[in-house]
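Asker: I would like to see how this sequence folds:
(one chain, ligands or ions: 1)
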Amino acid sequence: MADYDAIVVGAGLSGSTAAYCMAKAGLSVLVVERGDAAGTKNVTGGRLYAHSLEKIIPGFADEAPVERKVVRERISMMTDESCFTADFSSSRFQNPASASYTVLRAEFDPWLAGKAEEAGCDVVCPAVADELLRENGKITGIKAGDDELTAEVVLLADGVNSLLAQKAGLKKELSPHHVAVGAKEVVELSGGVINDRFNLNEGEGLAQLFAGSPSQGMVGGGFLYTNKSSLCIGMVVTVAHMAKSPNRLPDMLESFRQSPALKPLLEGGKIIEYSAHLVPEGGINMTPTLSADNVLVLGDAAGFCLNLGFTVRGMDYAIGSGALAAETVIEAKEKGDFSNAVLCGYQTRLENSFVMQDMRTHKNAPDFIEHTPRMFKEYPELVENIFADMFTVSGPSKLMLKKALPYVRKAGLLNLMLDGFKGSRAL
Ligand SMILES: Cc1cc2nc3c(=O)[nH]c(=O)nc-3n(C[C@H](O)[C@H](O)[C@H](O)COP(=O)(O)OP(=O)(O)OC[C@H]3O[C@@H](n4cnc5c(N)ncnc54)[C@H](O)[C@@H]3O)c2cc1C
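Answerer: All right, here's what the predicted structure looks like:
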């Protein structure tokens, strides 16, 4: 008999959600996590869309260590000299079902792993699952150091670079076009200063994404999120572009923090954390085989992450796929059949859920973003020139059209129309 019904590899959001749901249904579950504690190895920009966890733990934000509820959204186009920002706030962001929160993974992940433990899971950290155990070709558990642990099913929630999914033959090696590299700093500042600088009330938060000069013409961008008493700032750049660039990501992050748009916002702040991580950005094009006999793949390991330029989402997909993987394992336990005949129900559940529906809706987004470099240089420059002229008076005035036309011609009217059309269909 197996030691456990299910072993989950990775105590990120996908793994802990799956473990929590399975344990609540009475299954015996082991979670192994290679970090000293859940969350120590995990990186996120900072914003969790609440809808998926809200369905599993209603009202979770009242007890979970969330930082701030996001009520202000900003999108900025930056050049070396200028920054154009659209600032949007709405009372619609207050609805718990569609709210989003800034989170720090070092606090949020241990909370969720703790919920799984409370529900009855064994959570072991640090423990690295080095190999999948097999008997007569069938996956029967994991090898972690000298320990061999058996289970009816293994859930691979081990993140974007899932070596175990590769070893199981479910996933190919990562393509540099399908992953970005992200670097992030947490900058300590008092809550009062953050409220003043970002025009926020107590508990309210802001999310801001930047296109243009931060990524120095490459496919990528910058981000800023407000926490209770810190800011998260960072950069994400596609690996394929970064590999060819003479620039180093830490230097780009430093230029970003020294930029005229960011520097005053960070003044007096102290860097208390630095981290870097890969981000899956290939969308549906990088979906691995999601299930096989006695194994499932979830979260970032399955490539469930979307970067649409104005929003980065992976955490709600991790939670959503974790819950659907758990549902499938619970059915397999009831039927006493952990073969792919039952586990393939995970794929059907995903197809019927927001996870795969979003991957399909935005199937052209990664390709559009990668092949429209103008979004990262020419268009921010176009916006800079138009607005700089609009607000500069140094002699006789011109009509708006006369001011804008030369810049639009430079960027290419046809390019603008085509990119606008393609972008609206992809994003
Ligand atoms: C810079 C950056 C910014 C981002 N911004 C956002 C954002 O603002 N909003 C958003 O929703 N998403 C964002 N994302 C994406 C989001 O962070 C991920 O989609 C999410 O963390 C995926 O969760 P996961 O549980 O699938 O994987 P992970 O969080 O990566 O967890 C995997 C876990 O598995 C463990 N592990 C790996 N291998 C083993 C092993 N062999 N044995 C044991 N344990 C193992 C790891 O230590 C880790 O704890 C961002 C990502 C990055 C890198």
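Asker: spell out which parts of the stretch 251-400 of the chain neighbour the ligand.
Answerer: Within reach of the ligand by Cβ under 6 Å from any ligand atom, the stretch 251-400 of the chain has these residues: 277, 279, 299, 300, 305, 312, 313, 314, 315, 316, 318. C-beta coordinates here come from the backbone N, C-alpha and C atoms, glycine included.
Asker: which of those sit farthest apart?
Answerer: Within these, 277 and 316 form the most distant pair, 17.5 Å apart (Cβ to Cβ).
Asker: quick one: which of these two has more around it?
Answerer: Remark: of residue 277 and residue 316, residue 316 carries more neighbours, 23 against 19, as counted by other Cβ atoms under 10 Å.
Asker: can you pull the contacts of the more buried one?
Answerer: 48, 49, 50, 51, 52, 53 (Cβ atoms under 8 Å, 6 or more residues apart in numbering).
Asker: and if you look at residue 286?
Answerer: Contacts for residue 286 (Cβ under 8 Å, 6+ apart) come out as 174, 175, 178, 280, 303.
Asker: kindly recompute the last result at 7 Å.
Answerer: Shown in contact with residue 286 (Cβ atoms under 7 Å, 6 or more residues apart in numbering): 178, 280, 303.
Asker: for the first one, which non-adjacent residue is spatially closest?
Answerer: When you say that, I think you mean residue 178. Excluding the flanking residues, the one nearest residue 178 by Cβ to Cβ, 6 or more residues apart in numbering is residue 282, at 3.0 Å.
Asker: sorry, back to before: can I get the residues of the stretch 251-400 of the chain next to the ligand in TSV including secondary structure?
Answerer: As requested, these are arranged in TSV below (DSSP: H, G, I helix; E, B strand; the rest coil):
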residue	secondary structure
277	strand
279	strand
299	helix
300	helix
305	coil
312	strand
313	strand
314	coil
315	helix
316	helix
318	helix
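Asker: lowest-confidence entry in these?
Answerer: In terms of pLDDT, residue 312 ranks lowest among these, with 83.
Asker: number of nearby residues for that one?
Answerer: So residue 312, with other Cβ under 10 Å, has 23 neighbours.
Asker: and for residue 118?
Answerer: Residue 118 has 11 neighbours, counted by other Cβ under 10 Å.
Asker: just checking, residue 134 touches residue 140?
Answerer: Yes - using Cβ atoms under 7 Å, residue 134 is in contact with residue 140, at 6.4 Å.
Asker: more neighbours, those two?
Answerer: The neighbour count for residue 134 versus residue 140, taken as other Cβ under 10 Å, is higher for residue 140 (20 against 12).
Asker: pairing partners for the host helix or strand of that one, with directions?
Answerer: Residue 140 is part of strand 138-144 when elements are defined by DSSP states H and E. Within its sheet, strand 138-144 is paired with strand 131-135 (antiparallel), strand 147-156 (antiparallel), according to DSSP bridges.
Asker: what's the closest of these to residue 329?
Answerer: Closest to residue 329 of these is strand 147-156 (Cβ to Cβ; 5.6 Å).
Asker: centre of the chain to that closest one, how far?
Answerer: Relative to the centre of its chain, strand 147-156 is centred 27 Å away, using Cα atoms, centre = their mean, to the nearest Å.
Asker: what residues does it touch?
Answerer: Counting by Cβ under 7 Å, 6+ apart, 2-9, 15, 18, 30, 132-133, 139-142, 162, 164-165, 294-298, 301, 325, 329, 332, 338 sit against strand 147-156.
Asker: quick check: the residue nearest to residue 178 touching residue 369?
Answerer: No - contact criterion Cβ under 7 Å: residue 282 and residue 369 do not qualify, at 10.9 Å.
Asker: more neighbours: those two, which one.
Answerer: Ranked by neighbour count (other Cβ under 10 Å), residue 282 and residue 369 place residue 369 first, with 23 against 19.
Asker: without its sequence neighbours, what residue ends up closest to that one?
Answerer: residue 219 (6.0 Å).
Asker: who's in contact with that neighbour?
Answerer: 237, 238, 241, 369, 370, 373, 376.
Asker: how close does it sit to residue 92?
Answerer: Distance, residue 219 to residue 92, using Cβ to Cβ, to the nearest Å: 31 Å.
Asker: now swap in residue 278 and tell me
Answerer: For residue 278 relative to residue 92 (Cβ to Cβ), the value is 33 Å.
Asker: higher neighbour count, those two?
Answerer: Per other Cβ under 10 Å, whichever of residue 278 and residue 92 has more neighbours is residue 278, with 18 against 9.
Asker: measure that one to residue 228 for me?
Answerer: Distance from residue 278 to residue 228, counting by Cβ to Cβ: 28 Å.
Asker: what do you get for residue 122?
Answerer: Note on residue 122: its distance to residue 228, by Cβ to Cβ, is 32 Å.
Asker: can the strand holding residue 140 be said to contact the ligand?
Answerer: No - judged by Cβ under 6 Å from any ligand atom, strand 138-144 stays clear of the ligand, getting no closer than 7.1 Å.
Asker: what lies in contact with that strand?
Answerer: For strand 138-144, contacts defined as Cβ under 7 Å, 6+ apart pick out 2, 7, 9, 32, 127-134, 148-151, 154, 168, 293-295.
Asker: pairing partners for the biggest strand by length in the chain, with directions?
Answerer: Ordering each strand of the chain by length in residues (DSSP state E) puts strand 66-78 first. Using DSSP bridges, strand 66-78 pairs in its sheet with strand 83-89 (antiparallel), strand 100-103 (antiparallel), strand 204-212 (parallel).
Asker: ok, back up a step: which of the contacts of residue 219 are buried?
Answerer: 237, 238, 241, 369, 370, 376 (16 or more other Cβ atoms under 10 Å).
Asker: what about the residues you listed, which are in helices?
Answerer: Residues of the buried ones among the contacts of residue 219 located in helices (DSSP state H): 241, 369, 370.
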